[in-house]
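Visitor: Mind folding the following:
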Amino acid sequence: MSDTIFTKIINKEIPADIVYEDDSSLAFRDVNPQAPVHILIIPKKPMEQLNDAEVSDQELLGHLIFVAHKVAEKEGVADGYRLVLNNGVGAGQLVMHVHFHLMAGRSLKWPPG
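Guide: So this is what the prediction gives:
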């Protein structure tokens, strides 16, 4: 996996508005928010897309979802938020490092399209 902007954020080579960090994950505000609350939640372990996950990654992926819940509570949006993971360019993945988008703070339509 090549270095991405997320790798540089993990390594503190470029700044980010970090809202949560632990040994295996990092959450920070999206620089191009699509909702009043738009936070990216990433694993520190390099993984380009969900298709690259292995059985050993189950705990990490579950941890990222739990982190999303903790971040939503901290941001005061736990009563209504959307968690999105785009897998591959065809789904809109722009940075090739697994990441969840936590979005809230406005009415979110369905389907998201």
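
Visitor: Report how many residues lie close to the closest residue to residue 5 other than its chain neighbours.
Guide: Leaving aside its chain neighbours, residue 5 sits nearest to residue 95 (6.0 Å; criterion: C-beta to C-beta, 6 or more residues apart in numbering). No exception for glycine: its C-beta is placed from N, CA and C like everyone else's. Other residues within reach of residue 95 by the criterion other C-beta atoms under 10 Å amount to 14.

Visitor: Please enumerate the strands of the protein.
Guide: Here the chain has its strands, by DSSP state E, at 18-21, 25-29, 37-43, 82-85, 100-104.

Visitor: Looking at those strands, spot the one closest to residue 112.
Guide: Across the strands of the chain, residue 112 has its closest neighbour in strand 82-85 (7.2 Å, C-beta to C-beta).

Visitor: May I have that closest one as PDB, with CA atoms only?
Guide: Provided in PDB are the C-alpha atoms of strand 82-85 (Å, rounded to 0.1, in the frame of the first residue of the first chain):
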ATOM      1  CA  ARG A  82     -24.900   7.900   9.200                       C
ATOM      2  CA  LEU A  83     -21.900   5.700   8.900                       C
ATOM      3  CA  VAL A  84     -20.600   5.100   5.400                       C
ATOM      4  CA  LEU A  85     -17.800   3.000   4.000                       C
END
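
Visitor: Next, the buried residues of it.
Guide: Applying a neighbour-count criterion of 16 or more other C-beta atoms under 10 Å, one finds 82, 85 buried in strand 82-85.

Visitor: Many thanks, have a good one.
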